[in-house]
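Colleague: Pasting the sequence and the predicted model now:
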Amino acid sequence: ATITAPTPLATTTFDYIIVGGGTAGLVVASRLTENSSVSVLVLEAGLSDKGIVPIQVPFLAPTLSPQTSLDWNSTTIQQGGLAGRNLPYIRGRVLGGSSSINFLFHQYCSSEDWDRLGTVSGDSGWKWANMRQYVPKHEKLVPPADNHAGTAAQILSSTHGIAGDVSVSLPGFNETTDSMVYQTTRQVAEFPYLPDTSGGDTRFLGVGFIQSSAAGGVRSSSSTTYLANASGRPNLTVLLNATVIKVFPNGNTSGLPSMRVVQYIPSQLVGTAVTVAPINVTARKEVILSAGTVGSTILLMFSGIGSARNAPKFNTPIIVDNPSVGANLTDHLLIPNVFEVTGSNLDGLLDNATVQAQAMSQWTSTKMGPYANSVANTYGFLRLPSNSTILKGISDPAAGPNSPHFEMIFTNAWFLPGVTKPATRDFLSVVTVVVSPTSRGQIGLGGADPLHQPFIDPQFMATDFDINTALDSVNAAVRFATAAPWNNYTLQPFGPFGVAFASNDSSQLETYVRKFSTSAFHPVGTAAISPVNAAFGVVNSDLTVKGVSGLRVVDASVFPFIPSCHTQGPVYLLAERASDLIKAAG
Ligand SMILES: Cc1cc2nc3c(=O)[nH]c(=O)nc-3n(C[C@H](O)[C@H](O)[C@H](O)COP(=O)(O)OP(=O)(O)OC[C@H]3O[C@@H](n4cnc5c(N)ncnc54)[C@H](O)[C@@H]3O)c2cc1C
């Protein structure tokens, strides 16, 4: 049953309590309740995603955040590497979590990303050879919304799942730029065609068609799939509007504090003080933190698992002194490279309320048209040249020789957050991302009250590798968008990017990157997996929290290295294996 707090729960003891009904949390809830004798409570701070049309419409994803009721509305501290800017730090605060508000790109990253996780964790179960079994459990490949022909050239369907929970599909609305992107991959050797962009079992270097978590023109989230498929089960209770403020011990198990009591309050506005009496619920078996990288990290700290150095500041009695909690924050940064173009594109839709109303009405009646599609149709994952000076004298931060250093996303519209599009002109954005960054930041408590906004410092662009790779990615974007197939379309790099590029001065280009980049919202690493006796790390390779009993973390925070692609697919697979580990532990 799904209940909206403050309805009192009929019982306060469950076998498992999952904190956070987001991407990972709802996978675990669904898998654990397959056993009808096991009871599960999910506590989610946000409300239901049901009936919220912009969540369902793929093209409207960018309207769901930041600074909305579906976002935690956090910001980073000033980023020295980004000209001192504070960036919005979006994360979903709604059933389905970030899978309800993300941009739907769906992939698994390179097999080497998983193999590195297996090596670093000391658990070969995280290697791709084992993880690949979760693709068919997780994924249901469905036809694109427009049912277009020729999909065999855009996806290698035999490597995909067809009967899993989350629907995945190719772009459902053709863009004028699709054929230009494709032609470029055929003509320019440095940008090879990638016949499937999901990674995993297939090659992961090149440019190809985006796969989205959508079916029939409608978003597929952990709520609309894993939870919907489990919602009839009497052994599953999902309590909405319930913000967890800490976990605390109810004794000891095998000499370790037994972290099995969860304290929550009816959700209030984040940033206000806790004024209502907290409610306690107890897990017989385990508490599972799936509150996302930011949420789980600060909950560990409020539960006394963190660095003793910070404890006096925030009045948290320390249970486990572990400075790794909150350290190692790693994220992807988007660099919005805008080109002016001639001819029709999505700007015609973004500029015009009448065209938008038509698109909405087409989506409402047929689930087709531009709104049935995400904001981009093609992207690519590429490496620096092997003789690049950027790689000299450092160990290659990519997961392996077949894993990318940067990404390019082709959006046939204006994408320059914070800058208004000039009216009546048309643009193409080739957004680039350093996918193997070496900068590491941290998450901490923002104050003694659990509802205070957290301290978030990703340290974006703090290393030479990151800024130099960013500059290389921007130059690669120019080579791509000005190759022969674009002769009748691309005019030139535009705006601050255009000025910096035309200057031919790399310091100006660097200033542009630092002034205009923004997060891709892929934070990981602050509750990193490590082997049992390692001197670093927060969770063991089975995701149990070091130094306590009865507590696991299952979400993006446990990846010690950032996967080299968009992170929802990796989180889904991680949560599938985590569910098996929890079941096996009984
Ligand atoms: C704007 C945006 C766009 C993105 N685009 C893409 C994309 O196109 N493709 C892609 O692969 N990835 C994308 N991502 C990243 C991807 O969505 C995330 O990596 C992934 O969903 C994280 O899953 P999670 O389970 O770790 O956390 P989440 O899905 O964020 O789940 C955490 C849940 O815990 C709840 N919670 C947190 N704290 C508490 C608390 N104290 N008490 C109770 N509940 C709590 C939250 O409300 C939330 O529901 C995007 C992310 C964002 C924010």
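Modeller: All right, it came through fine.

Colleague: Name the nearest residue to the closest residue to the ligand within the chain, sequence neighbours excluded.
Modeller: Using Cβ to the nearest ligand atom, the single residue of the chain nearest to the ligand is residue 22, 1.8 Å away. C-betas here are computed from N, CA, C, even on glycine. Excluding its sequence neighbours, the residue lying closest to residue 22 (Cβ to Cβ, 6 or more residues apart in numbering) is residue 97, at 2.0 Å.

Colleague: Local confidence estimate at the one you found?
Modeller: Listed pLDDT for residue 97 reads 98.

Colleague: what's near enough to touch it?
Modeller: By Cβ atoms under 8 Å, 6 or more residues apart in numbering, the contact list for residue 97 reads 20-26, 46, 91, 222, 292.

Colleague: Just the ones of the residues you listed in helices?
Modeller: 23-26, 292 (DSSP state H).

Colleague: got the residues you listed as a markdown table, with neighbour count columns?
Modeller: Shown next, in a markdown table, are those (neighbours: other Cβ atoms under 10 Å):
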| residue | neighbour count |
| --- | --- |
| 23 | 31 |
| 24 | 35 |
| 25 | 31 |
| 26 | 33 |
| 292 | 25 |
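
Colleague: that older thread, lowest-confidence entry in the contacts of residue 97?
Modeller: Taking pLDDT as the measure, those have their low point at residue 46 (95).

Colleague: Run through the residues that contact that one.
Modeller: Taking Cβ under 8 Å, 6+ apart as the test, what residue 46 contacts is 21, 70, 92-95, 97, 240-241, 267.

Colleague: quick one: which of those is most hemmed in?
Modeller: Highest neighbour count within the contacts of residue 46: residue 97, with 34 neighbours (other Cβ atoms under 10 Å).

Colleague: next one: phi and psi at it?
Modeller: phi 60, psi -140 (degrees, to the nearest 10).

Colleague: Report the separation between it and residue 378.
Modeller: 27 Å (Cβ to Cβ, to the nearest Å).

Colleague: what do you get for residue 19?
Modeller: In terms of Cβ to Cβ, residue 19 sits 37 Å off from residue 378.

Colleague: Tell me which of these two has more neighbours.
Modeller: Higher neighbour count among residue 19 and residue 378: residue 19, with 29 against 25, using other Cβ under 10 Å.

Colleague: Does anything pack onto the longest strand belonging to the chain? Which helices or strands?
Modeller: The longest strand of the chain (DSSP state E) is strand 279-289. Secondary-structure packing of strand 279-289 (3 or more Cβ pairs under 8 Å, 6 or more residues apart in numbering; DSSP states H and E): strand 13-19, strand 261-266, helix 292-302, strand 551-553, helix 568-585.

Colleague: closest to residue 520 out of the ones you listed?
Modeller: Judged by Cβ to Cβ, the one of the helices and strands packed on strand 279-289 that comes nearest to residue 520 is helix 568-585, at 11.6 Å.

Colleague: Now that closest one: buried residues?
Modeller: 568-579, 581-582 (16 or more other Cβ atoms under 10 Å).

Colleague: could you give the angle of that helix to strand 13-19?
Modeller: 160 degrees (axes from the mean of the first three to the mean of the last three Cα atoms, to 10 degrees).

Colleague: the inter-axis angle of helix 568-585 versus helix 292-302?
Modeller: Going by the same axes, to 10 degrees, helix 568-585 makes 50 degrees with helix 292-302.

Colleague: hang on, the earlier thing: need the worst-confidence member of the contacts of residue 46.
Modeller: Least confident of those in the model: residue 267, at 82.

Colleague: From what I see, it and residue 244 are in contact.
Modeller: No. Look at residue 267 against residue 244 with Cβ atoms under 8 Å: they stay out of range, at 10.0 Å.

Colleague: anything in contact with each of these two?
Modeller: With Cβ under 8 Å, 6+ apart, residue 267 and residue 244 have common neighbours residue 45.

Colleague: those helices in the stretch 51-200 of the chain, which residues are they?
Modeller: 53-56, 111-121, 128-131, 134-138, 176-187 (DSSP state H, counting those that start in this stretch).

Colleague: and the longest one, what does it pack onto?
Modeller: Helices and strands touching helix 176-187, as assessed by 3+ Cβ pairs under 8 Å, 6+ apart, comprise strand 206-209, strand 378-382.

Colleague: just the third one next, same as before
Modeller: Taking 3+ Cβ pairs under 8 Å, 6+ apart as the contact definition, the neighbouring helices and strands of helix 128-131 are helix 111-121, helix 568-585.

Colleague: Save those helices as CSV, and put in distance to the ligand and mean pLDDT too.
Modeller: As requested, these are arranged in CSV below (distance: least, Cβ to the nearest ligand atom, whole Å; pLDDT from 0 to 100):
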stretch, distance to the ligand, mean pLDDT
helix 111-121, 13, 98
helix 568-585, 3, 98
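
Colleague: Let me know which of those helices is the nearest to residue 263.
Modeller: Judged by Cβ to Cβ, the one of the helices and strands packed on helix 128-131 that comes nearest to residue 263 is helix 568-585, at 21.8 Å.

Colleague: Summarise which helices and strands that closest one is packed against.
Modeller: So helix 568-585, by 3+ Cβ pairs under 8 Å, 6+ apart, packs with helix 23-32, helix 128-131, helix 134-138, strand 279-289.

Colleague: re the thing from before, could the helices and strands packed on helix 128-131 be laid out in TSV, adding distance to residue 463?
Modeller: TSV is the format used below for those (distance: least, Cβ to Cβ, whole Å):
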stretch	distance to residue 463
helix 111-121	19
helix 568-585	23
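
Colleague: Report the mean confidence score over the longest strand of the chain.
Modeller: The model assigns strand 279-289 a mean pLDDT of 97.

Colleague: strand partners of it, parallel vs antiparallel please.
Modeller: Strand 279-289 has the following sheet partners, assigned by DSSP bridges: strand 13-19 (parallel), strand 261-266 (antiparallel), strand 551-553 (parallel).

Colleague: where does the chain dip in pLDDT?
Modeller: Along the chain, segments meeting pLDDT under 70 span 2, 4-7, 269-271.

Colleague: could you redo the last one with a cut-off of 80?
Modeller: 1-8, 268-276, 310-316, 343-345 (pLDDT under 80).

Colleague: any idea how far residue 466 is from the residue nearest to residue 562 when sequence neighbours are not counted?
Modeller: Distances taken as Cβ to Cβ, 6+ apart place residue 330 nearest to residue 562, at 4.3 Å, with adjacent residues excluded. Residue 330 sits 11 Å away from residue 466, going by Cβ to Cβ.

Colleague: quick one: common contacting residues for those two?
Modeller: Contact with both residue 330 and residue 466 is made by residues 437, 439, according to Cβ under 8 Å, 6+ apart.

Colleague: Isn't the residue of the chain closest to the ligand up against residue 102?
Modeller: No. Assessed by Cβ under 8 Å, residue 22 is found out of contact with residue 102, at 10.6 Å.

Colleague: shared neighbours of the two, which are they?
Modeller: residue 92.

Colleague: okay, those two: which has more neighbours?
Modeller: Between residue 22 and residue 102, residue 22 has the larger neighbour count (other Cβ under 10 Å), namely 34 against 27.

Colleague: Around the ligand, pick out the residues from the stretch 451-586 of the chain.
Modeller: Neighbours of the ligand within the stretch 451-586 of the chain, by Cβ under 6 Å from any ligand atom: 521-522, 555-556, 566-569, 571.
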